[in-house]
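Engineer: next come a sequence and a model predicted from it.
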Amino acid sequence: MVAGCSNHHHHEHCGCHGHHGDPVFEKNGLYKIITLDEIDSVTHPTIIRFSSLDERSGFVHLSFGYQVMRTIKSFFKNDTKVYVIALDQEGLESAGASICKEANKPGGDIFPHVYNLTTIPVLAIKEIRIFERDAQGHWKESHEALSDL
């Protein structure tokens, strides 16, 4: 837990940073991390394509807020920019999604997995944040402008 942030669950994110300057996310919020290849238009993301991993798995891989930076560092080592999409659980469920909390491998971490969706509905998107990897391999939040959804 980050000092000063633990009681701010009602905020989207509290704007402070954790240890080592890691950005803070809503701890149990749902997040989809994608690359530019998986988004048709950043300014109007009406269709977010599933990653090849999602297609092979038969469900959409999400992360809880406390897993986001670890997921980026583990699974996006070859990328220099990712988009972190905060998703609304009710918006996903109203589009027919089933959200299951499952281990990523036997004995592994529990991640949220989404079934019964073919695209991520725009109404379920709360926020999109951009992260870029610098020459030293550190991920930092970019303040590149994204048009309002």
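Structural biologist: Thanks, I have it.
Engineer: tell me which stretches of this protein form strands.
Structural biologist: Using DSSP state E, the strands of the chain run over 30-34, 60-61, 63-64, 81-87, 98-103, 110-115, 125-133, 139-142.
Engineer: what segments of the chain are helices?
Structural biologist: In the chain, the segments counted as helices under DSSP state H are 52-57, 68-75, 89-94.
Engineer: export the ones you listed to a markdown table and append columns for distance to residue 128 and mean neighbour count.
Structural biologist: Any C-beta I mention is one placed from the backbone N, CA and C, and that applies to glycine too. Listed next are the helices of the chain as a markdown table, based on distance: least, C-beta to C-beta, whole Å; neighbours: other C-beta atoms under 10 Å:
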| stretch | distance to residue 128 | mean neighbour count |
| --- | --- | --- |
| helix 52-57 | 18 | 12 |
| helix 68-75 | 13 | 17 |
| helix 89-94 | 14 | 16 |
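Engineer: for residue 25, which of the ones you listed is the nearest?
Structural biologist: Judged by C-beta to C-beta, the one of the helices of the chain that comes nearest to residue 25 is helix 68-75, at 5.1 Å.
Engineer: the closest one to strand 110-115, inter-axis angle?
Structural biologist: Note on geometry: by axes from the mean of the first three to the mean of the last three C-alpha atoms, to 10 degrees, helix 68-75 and strand 110-115 are set 80 degrees apart in direction.
Engineer: by how many degrees do helix 68-75 and strand 125-133 diverge?
Structural biologist: Here helix 68-75 runs at an angle of 50 degrees relative to strand 125-133 (the same axes, to 10 degrees).
Engineer: residues in contact with helix 68-75?
Structural biologist: Helix 68-75 is touched from outside by 22, 23, 25, 31, 33, 63, 82, 84, 131, 139, with contacts defined as C-beta atoms under 8 Å, 6 or more residues apart in numbering.
Engineer: just the CA coordinates for it, please, in CSV.
Structural biologist: Output of helix 68-75 as CSV, limited to C-alpha atoms (Å, rounded to 0.1, in the frame of the first residue of the first chain):
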residue,chain,number,x,y,z
VAL,A,68,-0.6,-3.0,-13.8
MET,A,69,3.0,-1.9,-13.6
ARG,A,70,4.2,-5.5,-13.0
THR,A,71,2.2,-6.7,-16.0
ILE,A,72,3.7,-4.0,-18.2
LYS,A,73,7.2,-4.8,-17.1
SER,A,74,6.7,-8.6,-17.5
PHE,A,75,4.7,-8.9,-20.7
